[in-house]
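[1] A predicted structure for the sequence below; I have some questions about it.
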Number of protein chains: 2
Amino acid sequence: MDDKGDIETSDVGGVLERNGSSFYEDKELVGAREPLLRKATTNNTSQIAIVGANLCPIESLDYEIVENDLFKQDWRSRKKTQIFQYITLKWTLALLIGLATGLVGFFNNLAVENIAGFKLLLTSNFMLEQRFFEAFVVFAGCNLILAAGAALLCAYVAPAAAGSGIPEVKAYLNGVDAPSILAPSTLFVKIFGSIGGVSAGFVLGKEGPMVHTGSCIAFLLGQGGSRKYRLTCTWLRYFKNDRDRRDLITCGAAAGVAAAFRAPVGGVLFALEEVASWYSALLWRTFFTTAVVAVVLRALIGFCRGGKCGLFGEGGLIMFDLSSSVATYSAPDLIAVIVLGVLGGLLGSLYNFFLDKILRSYSVINEKGAPFKIILTITISLLTSCCAYGLPWLAKCTPCPANIQEECPTIGRSGNFKNFQCSPGHYNDLASLFLNTNDDAIRNLFSKGTYDEFYISTLFVFFGAVYFLGLVTYGIAVPSGLFIPVILAGATYGRIVGTLLGPISDLDTGLFALLGAASFLGGTMRMTVSVCVILLELTNDLLMLPLVMLVLLISKTVADSFNKGVYDQIVKMKGLPFMEAHAEPYMRNLVAGDVVSGPLITFSGVEKVGNIVHALRLTGHNAFPVVNEPPFSDAPELCGLVLRSHLLVLLKAKRFTRERVATGVIEVLRRFDAFDFAKAGSGKGVKLENLDIQEEEMDMYVDLHPITNTSPYTVVETMSLAKAAVLFRELGLRHLCVVPKTPGRPPVAGILTRHDFMPEHILGLFPRVKSND
Amino acid sequence: MDDKGDIETSDVGGVLERNGSSFYEDKELVGAREPLLRKATTNNTSQIAIVGANLCPIESLDYEIVENDLFKQDWRSRKKTQIFQYITLKWTLALLIGLATGLVGFFNNLAVENIAGFKLLLTSNFMLEQRFFEAFVVFAGCNLILAAGAALLCAYVAPAAAGSGIPEVKAYLNGVDAPSILAPSTLFVKIFGSIGGVSAGFVLGKEGPMVHTGSCIAFLLGQGGSRKYRLTCTWLRYFKNDRDRRDLITCGAAAGVAAAFRAPVGGVLFALEEVASWYSALLWRTFFTTAVVAVVLRALIGFCRGGKCGLFGEGGLIMFDLSSSVATYSAPDLIAVIVLGVLGGLLGSLYNFFLDKILRSYSVINEKGAPFKIILTITISLLTSCCAYGLPWLAKCTPCPANIQEECPTIGRSGNFKNFQCSPGHYNDLASLFLNTNDDAIRNLFSKGTYDEFYISTLFVFFGAVYFLGLVTYGIAVPSGLFIPVILAGATYGRIVGTLLGPISDLDTGLFALLGAASFLGGTMRMTVSVCVILLELTNDLLMLPLVMLVLLISKTVADSFNKGVYDQIVKMKGLPFMEAHAEPYMRNLVAGDVVSGPLITFSGVEKVGNIVHALRLTGHNAFPVVNEPPFSDAPELCGLVLRSHLLVLLKAKRFTRERVATGVIEVLRRFDAFDFAKAGSGKGVKLENLDIQEEEMDMYVDLHPITNTSPYTVVETMSLAKAAVLFRELGLRHLCVVPKTPGRPPVAGILTRHDFMPEHILGLFPRVKSND
């Protein structure tokens, strides 16, 4: 692809020869359509998007089954052994994804626990010696170094690794590709940047990055090996298409959730609910992958039991074992739950609102270049360190409770009671939250039978700090998950509500913290089933299920009336052309023919090489209709659609003829294997500048029939845009041919692509259509 | 619809005027297709299916968005208030489904526990008095009466209520409609028949019937009220279409699982994994519905606590609380788990094999009429009673264990230790399994810390009896779920394996029983994620998750290599035309044009009334292509598709014209509301015999344009059948128009329906196609 070709400028057009207003002569057929003012005729929606913190050209993925003569031959010749190879490999890859993601997840936890543990140990040792300033310098210094390291990696090696990664994975599975989303460098930075970011004490999580990591691993495995490193294998060629890659990446995303939360069933559900736009028979395979992750994690935790892994304790992988047996709850409890749900919805939608504003301001800073990104990260790191070290001074010391099993104060390891500046036998409750890893802070908040452990003022201070720091942290150039900040803030206000309602409610404050976390998750992410299962798997407390469901339902409903879920919002802000599951209502008032934009470039069945090269050079279109004309047919007929990548492969082989004759599929088969046309890994396909076509070859002919997809999906131009959008989305198309209603016109009226369904484009063409709604 | 119309004879055809072999002239276009011998040209696949135990005519459902001028007008005129009404009602109905299903589930359990409890109490009292023969007579007599009552209801009131109901619901959600599947009479019989069947001590469950019940409730609520009982409401008209009904029924099925197992998340997953062929944004709404069920059940159980509901104890609604904290398992445990998985796969596929054979023999008996059905049921009931009462005599009495909290022997209520014929202080372990409700037997098998409770001989006898009785019981004319027999048998052999491996494994035998149940469920039903979640919700033991996942994966893989899942098998045996998610490989060698069968009947845009009436009378087709011809267009063009039901409504209104003129949509709007064309509830639409067309009206004309769906989905005749099948299935179509490749031919070549994709049909036409694979 040439420099224009990288950017999918529009893929579309109107037939060149066609009278521009021909659609409007058929208006009667559409019924009593109100006249709509049409503004422009070209598609101006952005072909680039923000991936991570940088701008990136984007393309669509091809999920359609291409039926050309060549591939058909291939199908027919495929033997039982090859089918066996394919199935074996499919499951082997699922296994490998599970294993690799499990290992990475474990390694990630191990590293974080050890680095952060060492840092906190050092700080606490200085504090014990009353050297408070040195303690702060060590604490803030460690944080700064770790943060700067992560930011350096992110800014210079792989800007796409910044942020959560879930929006990008979601967009990829919806059919949007940007070269850097799942690249190996992104994987590398995601793993090490996430370790740095989490260890640096930021209010961010490793869960979103784990999902992205799992997807990157899956993408890497599905690349069909690497010729450069001689890691290629004939079996892997079966995965050289977007459909199989999509399936692998869905498994990878599920494996990521399973590894991050130790929640295998939650992982499957997350993949279905949040990221997989196409739900197919994948359920079973994602289930397998997450099962592998669960086994790997359990085995490794078993290995580490007994102090073999440094400071890595029981708690590295989240599992907040509440092990309650509360089976009853009274009417006041239900009211408390409803209050929590409403509060979660309000705070969640407010969070999304602020996050959007902050991300927009940050993108101005990030656009100025890598040094600015690093400065921003360092600033936030210092702010976080100041909060974490400074705020606990506000809290007063509390004498340790008498009859508890736990050590109090806990010195030199994670625990509920941090002594901070207090004298022996006392603990600082705010320090117990701040000077801990985020996982441990959550465990403290969720802990049961600890009604008096935290002062209400402590909880208010901590909530304010976490809510604020969570907002300003997302968007810096560090891999940063949103789950942990949201759970932290949610658990804190849940505990506040629990403490306030303590006298009238039978529920434990730890349970209130859990319900608070659920409500805030519902309010920001708007996921229901998967959050529910993840929380259950986290806390191992199924008896809370009805309350968790109730709180999620309420908070999601409340928040939905204000704005969209946080991931949808980020996808939109990044400019990724995401196809929604449902068509917008105003699309019912438009027909498919209204939005296709021209001019459309078509080829003949046997086309002059010069014309093809010219068209490829001139446009960035990724598909061209092939129209058979006399003498190859009686009247012009739509032969099918030919893909840019296939044209490039065909031209590179230079099997041209002097005469305008159809050479047929046999000739092509003599030269090519079907796998020559398989979709290459990212950045590996034949490019326009690789072609070396001589001047005299430009006047020769090439037969396009063997590589033409003879059965592209078509819709009639009078189909409503809403119905066409459903077709497009359900089948995961890249190109949808629009054919004219009446015979006698050129056989194809245009091509619809993902960009033509974007609200910006449609509302740009028909500004009044929305008000007609 | 006329008597033929009820049966969707084919919906399809080839253009009347067309040369029968015209497709074969285009063969070159398809590539080097091997010549295939085509046998017949009509679709002979069955248009009737076994629903319950009776034959029933079947139809397809219309999930397509019909875009005719009339409905478009309606869309445009729909105001914000109407959209609000629709959304409110959608959620209200979800709430009502949840409430009603929760109530029915509770009522069902209450009734079963009380009836079966009373029966067992009576028997045990006679046994205590050493009056063993009277005890048997009472036991067998009660069983017989209950069984006969259930069979009477099933045989005479609603034969569709027999069996599990899950295959029928699955087929409905795939798009197959049979009038009796979800009728109110089926609902009635399903509830009371299930209570009778379960109380009668059959080896069957209430879970499948609960799913069916939930679906029936949802269907009833989505009927748009009843004019007869003045229960109609203008708001309900929004649900008079198959799409909204399908969504409701998915919620109903999920609610059924939630109510049966008290597993709300499992319900959502079950609906997705097993029954919902179209996964849309329903996840969120099914989640809401199952949450309502969870709340209702919990509230009612709270109410019943303390003996307010007769013999209804804690255990009525399944919840086998294992409350373990086993966190480690060793290598021998893993080997045991693998053994269990393989065993489950083998036994499961064998179960499916035998079940298929037995159902085929039973259908011969059931076809002879209602009395035979009742005799069969009574026979099985006597057999079950003899096994349950007779086999425990083989077991020897065991002294009660010393230090247990439970009463031993338990007299007059459910419990682990039944004394049967034994002297006080002793119990009969086989009776503890047989003379209990199935739920209690499962609880006994799952119970922990009871390694010595059951002799291995006891378990072998019980396993043999349950495996055999489970097989012969399904298929009798009683609502009968498969979950409980499968869990019972699985738990038994799980416990056998646990007992045998006891010396070398650290796992409790109760956990082995759980894993055995999981493996057998995986081996028969082949569901993974939902079974996993249901088992977790049943036992409240998340720490077992990795083992349960492992065992499910192994057993499903093993069993899949032998045959299909039990529900798929039953769907196939019943003759329901189920569209699989994936196309068969041989469909790639055929094109869409190959399987359409003729003759096709088309209408003109303005058609003579006589022609329409004739066509409706002659065929059972549910859609007819409308072709505009001169003078309405320059050349013949496909105007769209008109539905039989819409034609009948239009004809009934008798707005005919003497001249052949297009009256347009305004004229139709003057007479009709769009809701007049909405799909009526089952059996309520206008029928052909309701029309009263005079002789002179037969020569008049009617304008079909306003009711013609102008944008039906079309495929080109050279598209491979596999690709067309994907389109058909993904979009949930009823009719798919096949258009010719080359211009100049009649504008529509045929219509594909669900029946044309059935393997029987395709392999009937092209017997050699499969061997070419």
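    All right, it came through fine.
[2] tell me who's in contact with A:F460.
    By CB atoms under 8 Å, 6 or more residues apart in numbering or on different chains, the residues touching A:F460 are A:I496. For the C-beta atoms, the positions are set from N, CA and C on the backbone; glycine is no exception.
[3] would you mind measuring from it to chain B?
    According to CB to the nearest CB, to the nearest Å, A:F460 stands 31 Å off from chain B.
[4] would you mark the buried spots in whatever helix or strand that residue lives in?
    Element membership for A:F460 (DSSP states H and E) is helix A:456-473. Residues of helix A:456-473 classed as buried: A:458-459, A:461-463, A:465-467, A:469-473 (neighbour count, 16 or more other CB atoms under 10 Å in any protein chain shown).
[5] can I get those residues in JSON lines including distance to A:T377?
    Below are the buried residues of helix A:456-473 laid out as JSON lines (distance: CB to CB, whole Å):
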{"residue": "A:T458", "distance to A:T377": "28"}
{"residue": "A:L459", "distance to A:T377": "28"}
{"residue": "A:V461", "distance to A:T377": "25"}
{"residue": "A:F462", "distance to A:T377": "23"}
{"residue": "A:F463", "distance to A:T377": "24"}
{"residue": "A:A465", "distance to A:T377": "19"}
{"residue": "A:V466", "distance to A:T377": "19"}
{"residue": "A:Y467", "distance to A:T377": "20"}
{"residue": "A:L469", "distance to A:T377": "13"}
{"residue": "A:G470", "distance to A:T377": "15"}
{"residue": "A:L471", "distance to A:T377": "15"}
{"residue": "A:V472", "distance to A:T377": "11"}
{"residue": "A:T473", "distance to A:T377": "9"}
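[6] how much space between the closest residue to A:A653 other than its chain neighbours and A:A513?
    Once flanking residues are discounted, A:A653 sits nearest to A:R671: 5.6 Å by CB to CB, 6 or more residues apart in numbering or on different chains. The gap separating A:R671 from A:A513 is 67 Å, by CB to CB, to the nearest Å.
[7] which residues of the stretch 151-300 of chain A fall in strands?
    Taking DSSP state E, counting those that start in this stretch, the strands of the stretch 151-300 of chain A run over residues A:176-177.
[8] so where do the helices sit in it?
    A:166-174, A:184-199, A:207-221, A:242-261, A:264-270, A:282-304 (DSSP state H, counting those that start in this stretch).
[9] most packed of those?
    Each of those was scored by mean neighbour count; the highest is helix A:264-270, a mean of 32, by mean count of other CB atoms under 10 Å in any protein chain shown.
[10] that helix near chain B anywhere?
    Yes - with CB under 8 Å from any CB of the partner chain as the criterion, chain B is reached by helix A:264-270 at A:264-265, A:268-269.
[11] next, the angle helix A:456-473 makes with the helix or strand following the helix holding A:F460.
    Going down the chain from helix A:456-473, the next helix or strand is helix A:483-501, by DSSP H and E. Note on geometry: by axes from the mean of the first three to the mean of the last three CA atoms, to 10 degrees, helix A:483-501 and helix A:456-473 are set 160 degrees apart in direction.
[12] using PDB, write out every CA atom in helix A:483-501.
    Written as PDB, here are the backbone C-alpha positions of helix A:483-501 (Å, rounded to 0.1, in the frame of the first residue of the first chain):
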ATOM      1  CA  PHE A 483     -11.000  -1.300  37.400                       C
ATOM      2  CA  ILE A 484      -8.900  -0.800  40.500                       C
ATOM      3  CA  PRO A 485      -9.500   3.000  40.900                       C
ATOM      4  CA  VAL A 486     -13.200   2.400  40.500                       C
ATOM      5  CA  ILE A 487     -13.200  -0.500  42.900                       C
ATOM      6  CA  LEU A 488     -11.200   1.600  45.400                       C
ATOM      7  CA  ALA A 489     -13.400   4.600  45.300                       C
ATOM      8  CA  GLY A 490     -16.600   2.500  45.200                       C
ATOM      9  CA  ALA A 491     -15.500   0.400  48.200                       C
ATOM     10  CA  THR A 492     -14.700   3.500  50.100                       C
ATOM     11  CA  TYR A 493     -18.000   5.200  49.700                       C
ATOM     12  CA  GLY A 494     -19.700   1.800  50.300                       C
ATOM     13  CA  ARG A 495     -17.900   1.600  53.600                       C
ATOM     14  CA  ILE A 496     -18.900   5.200  54.400                       C
ATOM     15  CA  VAL A 497     -22.600   4.300  53.800                       C
ATOM     16  CA  GLY A 498     -22.100   1.100  55.800                       C
ATOM     17  CA  THR A 499     -20.600   3.000  58.700                       C
ATOM     18  CA  LEU A 500     -23.300   5.600  58.600                       C
ATOM     19  CA  LEU A 501     -26.100   3.000  58.500                       C
END
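[13] what's the model's confidence in the helix or strand just after that helix, averaged?
    Note on helix A:483-501: by DSSP H and E, the next helix or strand toward the C-terminus is helix A:509-524. When pLDDT is averaged over helix A:509-524, the result is 90.
[14] helix A:509-524 vs chain B: in contact?
    No - Helix A:509-524 is not in contact with chain B by CB under 8 Å from any CB; minimum separation 11.0 Å.
[15] from the chain's centre, how far out does the helix or strand following that helix sit?
    Where DSSP H and E defines the elements, the next helix or strand beyond helix A:509-524 is helix A:529-539. Taking CA atoms, centre = their mean, to the nearest Å, one finds the center of helix A:529-539 at 20 Å from the center of the full chain.
[16] one more: stretch A:653-666?
    On CA atoms, centre = their mean, the centre of stretch A:653-666 falls 44 Å from the chain's centre.
[17] low-scoring stretches of the stretch 551-700 of chain A, by residue?
    A:598, A:674-675, A:679-684 (pLDDT under 70).
[18] now do the helices in it.
    A:566-573, A:592-595, A:609-618, A:644-653, A:664-671.
[19] quick one: the shortest one to chain centroid distance?
    If you compare the mean C-alpha spot of helix A:592-595 with that of the full chain, they lie 30 Å apart, counting by CA atoms, centre = their mean.
[20] show me the contact partners of that helix.
    A:23, A:26, A:36, A:38, A:715-721, A:724, A:736, A:738, A:749-750, A:752, A:756-757, A:761-762, A:765-766.
[21] what's the spacing between the closest residue to A:I195 other than its chain neighbours and A:V104?
    Closest residue to A:I195 apart from its sequence neighbours, by CB to CB, 6+ apart: A:A111 at 4.6 Å. Distance, A:A111 to A:V104, using CB to CB: 10 Å.
[22] more neighbours, those two?
    A:V104 (24 against 20; other CB atoms under 10 Å in any protein chain shown).
[23] what's the end-to-end length of stretch A:384-401?
    30 Å (CA to CA, to the nearest Å).
[24] and that stretch, which residues are buried?
    So, applying 16+ other CB under 10 Å, buried residues of stretch A:384-401: A:384-385, A:387-389, A:391-392, A:395, A:397-398, A:400.
[25] give me the lowest-pLDDT entry from those.
    A:C400 (79).
[26] tell me the contacts of the closest residue to A:K190 other than its chain neighbours?
    Leaving aside its sequence neighbours, A:K190 sits nearest to A:A161 (CB to CB, 6+ apart; 4.5 Å). Neighbour list for A:A161: A:52, A:153-154, A:185-186, A:189-190, A:193, A:209, A:212, A:479 [criterion: CB under 8 Å, 6+ apart].
[27] same check, this time on A:I83
    Counted by CB under 8 Å, 6+ apart, A:I83 has contacts B:P585.
[28] B:S720 versus that one, what's the distance?
    Distance from A:I83 to B:S720, by CB to CB: 17 Å.
[29] and A:G522, by the same measure?
    45 Å.
[30] what separates A:K357 from A:L383, distance-wise?
    18 Å.
[31] the two: which is more packed in?
    Set A:K357 next to A:L383 and count neighbours by other CB under 10 Å: A:L383 wins out with 15 against 11.
[32] longest helix anywhere in chain A?
    helix A:80-128 (DSSP state H).
[33] how far does that one sit from its chain's centre?
    The answer for helix A:80-128 is 19 Å, by CA atoms, centre = their mean.
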